[in-house]
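**Student:** coords please:
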Amino acid sequence: MPRERSAYPWWILAHVVLVEFLVVGVAWNYPIMLVNPLLADLGLELSAWGVLWGAISLGALLFSLPAGALADHLGVRFVLGAALLLAGASLLLRAELHGLLPTAFAMLLFGLALGTLIAGLPKALGLWFPPERLGLANGIALTGLGVSFFVTGFGVPALVDHLGGWRELSRALGWATLATAALWLGTVRDPADRRASADLQTPLSGVRSVLRVRGVWLITLCYAFYNAGYLGITAYTPTFLGEGELAATWVTVVSLSFAVGTLTFPALSDRLGRRKPVYAIGIATTAAVCSVTPYLGEVAIIALCVVWGLSSGTLALVFVIPVEMDPPGPALAGAALGAAISGGFAGGMLGSVIGIQLAGVAPELAYAFWGACYALSALAFGLLQETGTARRRLSTIHP
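**Tutor:** Numbering: from 1, shown residues only. Predicted structure coming up:
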């Protein structure tokens, strides 16, 4: 199609990378680096941190599915633009509030926006990129997220010192997010045929349609198990390593390796025309690395984290599958992605709680649990039907 040969899809991708880096990456995760000064400024104890941080995940869990369905019905330009406006406003509001409940409310609003963005950004790419480039596009998008982890880990403390506090940083991120929203609304458009089938349905009927598809439930399970392992490990490993120089090295290695992996393996999947073996092998490797981590010395842990970061780059394929499945296809991919994102946040919350409780007994139990979660993610993905271009080529040759 003409739009596939133009430069405009790459303009969409540049927007998506910016949003992944700035909002899904830095604006979401910057409080992790500022827990103690943030709580001190709010006059709260450490026990309140779980409520504040969990409010973001709760908002995303609750709103991802309806927001994805709205993106199917109204288009990604309007819905994602509104989500960026809400994210920016919630960051500005957070900077002005005091106390537990008001701050938690502002974080909940950010979670609503976050769930909308995570569900809608892969749909935007699916509307503009052809199947043979969809893995690459989503991989490049997640590279922005990987780089943001590195910037958050090492740049946030310096920014806070320069700006004068976490509230000033939140304001700066809020205004930057509002500027990104203006750029999105002013330059992003939906393709003319984006509502070919979605126009025939209401958002509610779109949700009902995707929830009848076995593949949507499988990809939801896949992402739930992935996040159960990933979020649990990232929440606990710095503590396990001592929160010193080794933990900082771990953050650097994982984030940069993840960025390289997102550029490499989704593009390889495009070239092979297959999604299932690339993801299954990558995440099975991640499961094995995770399971043996607590038995290793410092140097070996860092070396294996290179493997973990690289293999985790296959995550981009989770966001490709709902766009390629038929049904739901691109027209209803927002609702399908929303279901997967909701499952992912639910799995991440449960996986973190269960794993950290196990870590209190023995770290080996926690890492074995998180490794098992990764293995189950690979299994769920393996039960999906292949959606890559190789399957379509074979079906054309052998109808």
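
**Student:** got a pLDDT number for residue 287?
**Tutor:** pLDDT for residue 287: 91.

**Student:** beyond the helix or strand hosting residue 277, next helix or strand please.
**Tutor:** Element membership of residue 277, judged by DSSP states H and E, is helix 276-292. Using DSSP H and E, the helix or strand that follows helix 276-292 in sequence is helix 298-312.

**Student:** what's the average pLDDT for that following helix?
**Tutor:** Averaged across helix 298-312, pLDDT comes to 83.

**Student:** what does that helix rub up against?
**Tutor:** Residues outside helix 298-312 that contact it (C-beta atoms under 8 Å, 6 or more residues apart in numbering) are 146, 230, 241, 246, 249-250, 253-258, 260-261, 264-265, 282-283, 285-286, 289-290, 292-293, 296. C-beta coordinates here come from the backbone N, C-alpha and C atoms, glycine included.

**Student:** again, only this time at 6 Å
**Tutor:** Helix 298-312 has contacts (C-beta atoms under 6 Å, 6 or more residues apart in numbering) with 246, 250, 253-254, 257-258, 261, 282, 285-286, 289, 293.

**Student:** off-centre distance for the helix or strand where residue 253 lies?
**Tutor:** Remark: residue 253 resides in helix 245-272, with elements defined by DSSP H and E. Distance of helix 245-272 from its chain centroid, counting by C-alpha atoms, centre = their mean, to the nearest Å, is 14 Å.

**Student:** dump the helix holding residue 277 to CSV, restricted to CA.
**Tutor:** Below are the C-alpha coordinates for helix 276-292, written out as CSV (Å, rounded to 0.1, in the frame of the first residue of the first chain):
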residue,chain,number,x,y,z
LYS,A,276,6.8,-18.5,18.1
PRO,A,277,10.3,-20.0,18.1
VAL,A,278,12.1,-16.7,18.5
TYR,A,279,10.0,-15.8,21.6
ALA,A,280,9.9,-19.3,23.1
ILE,A,281,13.7,-19.8,22.8
GLY,A,282,14.4,-16.2,24.1
ILE,A,283,12.2,-16.4,27.1
ALA,A,284,13.2,-20.0,27.9
THR,A,285,16.8,-18.8,28.0
THR,A,286,15.7,-16.0,30.3
ALA,A,287,14.0,-18.5,32.6
ALA,A,288,17.2,-20.6,32.8
VAL,A,289,19.4,-17.6,33.6
CYS,A,290,17.0,-16.3,36.2
SER,A,291,16.8,-19.7,38.0
VAL,A,292,20.6,-20.0,38.5
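
**Student:** next, the buried residues of whichever strand or helix holds residue 175.
**Tutor:** Assigned by DSSP H and E, residue 175 falls within helix 166-187. Using 16 or more other C-beta atoms under 10 Å as the test for burial, helix 166-187 gives 166-167, 169-174, 176-178, 180-181, 184.

**Student:** pLDDT wise, what is residue 393 at?
**Tutor:** As summarised for this prediction, residue 393 has a pLDDT of 53.

**Student:** in the helix or strand encompassing residue 144, what counts as buried?
**Tutor:** Using DSSP H and E, residue 144 falls within helix 131-163. Neighbour-count burial for helix 131-163 flags 131, 133-153, 156, 159-160 (criterion: 16+ other C-beta under 10 Å).

**Student:** what mean pLDDT does that helix get?
**Tutor:** Mean per-residue pLDDT for helix 131-163: 86.

**Student:** now swap in stretch 322-335 and tell me
**Tutor:** 84.

**Student:** output that stretch as PDB, restricted to C-alpha atoms.
**Tutor:** What follows is stretch 322-335 as a C-alpha-only set of coordinates in PDB (Å, rounded to 0.1, in the frame of the first residue of the first chain):
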ATOM      1  CA  PRO A 322      -2.500  -9.200  18.800                       C
ATOM      2  CA  VAL A 323      -2.100  -7.000  15.700                       C
ATOM      3  CA  GLU A 324      -1.400 -10.000  13.400                       C
ATOM      4  CA  MET A 325      -4.000 -12.400  14.800                       C
ATOM      5  CA  ASP A 326      -7.200 -12.700  12.700                       C
ATOM      6  CA  PRO A 327      -9.300 -12.100  14.600                       C
ATOM      7  CA  PRO A 328      -8.900  -9.500  16.100                       C
ATOM      8  CA  GLY A 329      -6.500  -8.000  13.600                       C
ATOM      9  CA  PRO A 330      -5.400  -4.300  13.500                       C
ATOM     10  CA  ALA A 331      -9.000  -3.000  13.700                       C
ATOM     11  CA  LEU A 332      -9.500  -4.500  17.200                       C
ATOM     12  CA  ALA A 333      -5.900  -4.800  18.300                       C
ATOM     13  CA  GLY A 334      -6.400  -2.000  20.900                       C
ATOM     14  CA  ALA A 335      -8.900  -4.100  22.900                       C
END
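
**Student:** before I go, just wanted to say thanks for your time.
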